[in-house]
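1. my questions concern the predicted model and sequence given below.
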Amino acid sequence: MPKVMFRMKLSVIVGQERQRVIYDEQNQHQVQTQSHMIRFEDELARKMKQACRIGKNGVQRARNQEPSKNVEISKELQIWGNGGRWGTRG
């Protein structure tokens, strides 16, 4: 009988150890998944912030270029629009 009891206790201990190892592996996988998700979200937020900043700068650049384009167009009209004769200079 003592051998049977020893084997039963051993099998219980081995079973508990297996469960602990499985739990640790699942927990480690969950932590890695959460870590990847946090890094992904941080990278996405950084890219969105950068895109927003580029968008704002692009709008500002376009606004800054509008007056110079208007000046260029009016100069071209003065050069090319000599007395209503379009397409000839001076």
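-> Noted; the coordinates are in hand. Everything numeric here is computed off the predicted structure, so don't read it as measured data.

2. below-threshold pLDDT in the protein: ranges please.
-> 1, 55-90 (pLDDT under 70).

3. please, where are all the helices along it?
-> For the chain, applying DSSP state H gives helices covering 2-80.

4. against Asp42, how distant is Lys49?
-> 11 Å (C-beta to C-beta, to the nearest Å). For glycine as for every other residue, the C-beta is placed from the backbone atoms N, C-alpha and C.

5. actually Ser35, not the one I typed
-> To Asp42, Ser35 is 11 Å away according to C-beta to C-beta.

6. tell me how far Lys9 lies from Glu17.
-> For Lys9 relative to Glu17 (C-beta to C-beta), the value is 13 Å.

7. for Gln34, same thing?
-> On the measure of C-beta to C-beta, Gln34 and Glu17 end up 26 Å apart.

8. and Lys3, by the same measure?
-> Taking C-beta to C-beta, one finds Lys3 at 21 Å from Glu17.
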